[in-house]
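>>> Need coordinates for the below:
(chains A and B)
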Amino acid sequence: MSKVQVRTRIAPSPTGQEMHIGNLYTALINFVWAKKNKGRFIVRIEDTDRTRYVPGSEQRLLQNLKDFGLFYDEGPDVGGEFGPYVQSQRLSLYKKYAFELVEQDFAYLCFCSQQRLSELRQKQQEQKIMPPKYDRFCLKTYSKQQALELYKSGKPAVVRLKVPEDQVIDFVDEIRGKISFDSNLIDDQVLLKSDGYPTYHLAVVVDDYLMKINYVIRAEEWISSTPKQILLYRAFNWPVPKFVHLPVLRNPDRSKLSKRKNPVWVSWYLQEGFLPEAVLNYLSLMGFSHPEGKEIFSLKELIKVFDIKRINPVGPVFDLVKLEWLNGEYIRSMPDSVLKDKIILYYKNFKDKQLDQSLVAKTIPLIKERIKKLSDYWFYCSFFWQRPDNYQLDLKSYKDLILKMLSRLTDLSEWTADNIGNEMTNLAKQEGLSIGKFFMILRVAITGQKITPPLNESMEILGKDECLERLRLVV
RNA sequence: GGCGCGUUCGUCUAGUGGCCUAAGACGCCACCCUUUCAAGGUGGAGAUCACGGGUUCGAAUCCCGUACGCGUCACCA
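Numbers count the residues shown, from 1 in each chain, chains lettered A, B, ... in the order given. So this is what the prediction gives:
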């Protein structure tokens, strides 16, 4: 038997929201698993809910993926041999398959109104019949022929899955092992809506089959809908793919990661100055661990060492603090010139600031160890671009001292960090002031801030004229 | 409530019957370095492995119950 190519997919819905960090996590694992097996990673747009559809959000979703370097082999904008990759463009397919099921008695037409359904549900809940299930009214009252004729005459209908009674439906989850369900507890799921669009359950099975997806890697919240899909695979007599249900990312209070309690939109991380590779690295630490215990590793290395079996089923808490540390590690290990370009690009794209190339280049060695995110740059370095507009220390009482600093620095022949440092250290000693206190006064006089990059070097970069001028301004 | 999944330091994880009086990382604390802040170095606090029963010479590791957490029960995905 020849080995089949691994094909994975993610299927986001264009509902107006951009990509959720949890979806990025799922995308990452799908991507990595495909690459590890020299397979293909596919993106399919699931836009079967007309009421929630927002035009344009599809492009944004795809861009989110690209921003993080998760390039797909097949998808709406890149094509592929199993297209189209947008479900609304494949409508006739689902309808055909849905009626095939009706024909073979794996499904039936249902004409019940939304109102009747919600009343039914309500009554069942009152009677504590759990869980609420459709009562098969239409299956009992119409024969297949009658139903089909009614439908042809224009009566709005949905197609429902006819879930067999008294069966145990089980499947193997690659992370958790065997999971089984009692078919009596499964509702007769709607497969085709009255507007002719398929529901998720039908569309996902049809498309995964037609697109030859053999690993369905998705979030844990899909576990309970898996048996419905298994039933569909069986009815169609299609091979069942392998299922991998990933743990869901959690808020610190252990509820499912939500926008109320955590930043969840992936572009937020970019705006905040996190590096895509650091975010991906952090995400790969969620539920997974490097076999050698490494915590910092590239996407390429992840692909090399990744194994589904090493994924933990426990829902991990997403910890922004550790992400910041990791991002700082990435920044520190980056060549200066690369960091410089990233900072310039970041401020241009997200802060609408055009920073001077050569000035940023000079400051890089001073802040590289200090910043955790690209957005921290301005916190440390704004004084290079603008004179202080307020001072974090009251300098009035140090007027005489600052005057002395001014005169010594004016006389300084060569304006280098070392010379500045030596000269000022001498002054401090002569004045009988502690080095710490002395330099703090100078620091605030020059930068306005108490927390800055190394002072002497900063002053060298600022230049003699500018430093003297700033001292004059505070006396 | 039914069903499903889960439960090792605050957090992410290691651990697959004896090497565990439980290891690493983030965070926290202290000290060293130091001209602020970082970075770096050293050390420390922090988990009766949810609880209760088994199985076994021996259990964080296997089995069963309980508790708790999470998910799911739509013509949403």
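>>> thought residue A:324 was touching residue A:375?
No - the pair formed by residue A:324 and residue A:375 falls short of the contact definition of CB atoms under 8 Å, at 10.9 Å. Bear in mind the C-beta positions are built from the backbone N, C-alpha and C, glycine included.
>>> And the strands in chain A?
Ranges of strands within chain A are A:7-10, A:40-43, A:107-110, A:158-161, A:168-173, A:177-182, A:190-192, A:215-219, A:242-246, based on DSSP state E.
>>> export the second one as CSV, just CAs?
These are the backbone C-alpha positions of strand A:40-43, laid out as CSV (Å, rounded to 0.1, in the frame of the first residue of the first chain):
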residue,chain,number,x,y,z
ARG,A,40,-0.3,20.0,1.8
PHE,A,41,-2.0,22.6,4.0
ILE,A,42,-5.2,24.0,2.6
VAL,A,43,-7.5,26.9,3.4
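>>> Could you check that strand against RNA strand B for contacts?
No - in terms of CB under 7 Å from any atom of the strand, no part of strand A:40-43 sits within range of RNA strand B; the closest distance is 12.5 Å.
>>> List the contacts of that strand.
Contacts to strand A:40-43, defined as CB atoms under 8 Å, 6 or more residues apart in numbering, come from residues A:5-12, A:30-31, A:34-35, A:62, A:65, A:70, A:72-76, A:80, A:82, A:85, A:211, A:213.
>>> Could you rerun that using 7 Å?
Strand A:40-43 is contacted by residues A:5, A:7-10, A:30-31, A:34, A:62, A:65, A:72-76, A:80, A:85, A:211 when judged by CB atoms under 7 Å, 6 or more residues apart in numbering.
>>> filter those by proximity to RNA strand B?
The subset of those lying close to RNA strand B, counting by CB under 7 Å from any atom of the strand, is empty.
>>> Could you tell me which of the residues you listed count as buried?
Neighbour counting by 16 or more other CB atoms under 10 Å classes A:7-10, A:30-31, A:34, A:62, A:65, A:72-76, A:80, A:85, A:211 among the contacts of strand A:40-43 as buried.
>>> These in helices, which ones?
Assignment to helices by DSSP state H places the following of those there: A:30, A:31, A:34, A:62, A:65.
>>> what two of those residues are the furthest from one another?
Based on CB to CB, the longest span within these runs between A:34 and A:62 and measures 16.9 Å.
>>> Which neighbouring elements make contact with the lowest-mean-pLDDT helix or strand in chain A?
Within chain A, judged by mean pLDDT, DSSP states H and E, the helix or strand with the poorest mean is helix A:114-126; its value is a mean of 89. For helix A:114-126, not one helix or strand is in contact under the criterion 3 or more CB pairs under 7 Å, 6 or more residues apart in numbering; DSSP states H and E.
>>> List the buried residues in that helix.
In terms of neighbour count (16+ other CB under 10 Å), helix A:114-126 has its buried residues at A:117, A:120, A:121, A:124.
>>> does any part of it sit near RNA strand B?
Yes - counting by CB under 7 Å from any atom of the strand, RNA strand B has neighbours in helix A:114-126: A:114, A:117, A:121.
>>> Walk me through the domains of chain A.
Under the assignment automatic domain parsing, the domains of chain A span A:7-77+A:204-248, A:91-199, A:267-382, A:387-473.
>>> Near RNA strand B, which residues of the stretch 1-150 of chain A are found?
Checking the stretch 1-150 of chain A against RNA strand B by CB under 7 Å from any atom of the strand, the hits are A:11, A:13, A:46, A:48-49, A:51-52, A:112-114, A:117, A:121, A:128, A:130-132, A:134.
>>> Just the buried ones from the residues you listed?
Of the members of these, the ones counted as buried by neighbours, 16+ other CB under 10 Å, are A:11, A:13, A:46, A:48, A:112, A:117, A:121, A:132, A:134.
>>> and residue A:368, how many neighbours?
By the criterion of other CB atoms under 10 Å, residue A:368 has 17 neighbours.
>>> That one contacts residue A:339, correct?
Yes - counting by CB atoms under 7 Å, residue A:368 touches residue A:339, with 6.4 Å between them.
>>> Please enumerate the shared neighbours of those two.
Counting by CB under 7 Å, 6+ apart, the residues touching both residue A:368 and residue A:339 are residue A:331.
>>> mind showing which ranges of the stretch 1-150 of chain A have poor pLDDT?
Counting by pLDDT under 70, the stretch 1-150 of chain A contains low-confidence residues at A:1-2.
>>> just the stretch 251-400 of chain A next, same as before
When the per-residue scores of the stretch 251-400 of chain A are filtered using pLDDT under 70, no range remains.
>>> Quick check: residue A:240 vs RNA strand B, distance?
17 Å (CB to the nearest atom of the strand, to the nearest Å).
>>> how many other residues sit next to that residue?
Here the neighbour count serves as a burial measure; for residue A:240 (other CB under 10 Å) it reads 18.
>>> wait, it sits on residue A:229?
No - the pair residue A:240 / residue A:229 is not scored as a contact, 8.6 Å apart, by CB under 7 Å.
>>> any residues touching stretch A:216-227, and which ones?
Surrounding stretch A:216-227, the residues in contact under the criterion CB under 7 Å, 6+ apart are A:8, A:22, A:26, A:29-30, A:33, A:169, A:171, A:179, A:181, A:186, A:201, A:208, A:241, A:243-248.
>>> now the end-to-end length of it.
When the termini of stretch A:216-227 are compared using CA to CA, to the nearest Å, they are 13 Å apart.
>>> Show me which positions of it end up buried.
Applying a neighbour-count criterion of 16+ other CB under 10 Å, one finds A:216, A:217, A:218, A:219, A:220, A:223, A:226, A:227 buried in stretch A:216-227.
>>> Looking at the fifth one now. What's its pLDDT?
According to the model's per-residue confidence, residue A:220 sits at a pLDDT of 95.
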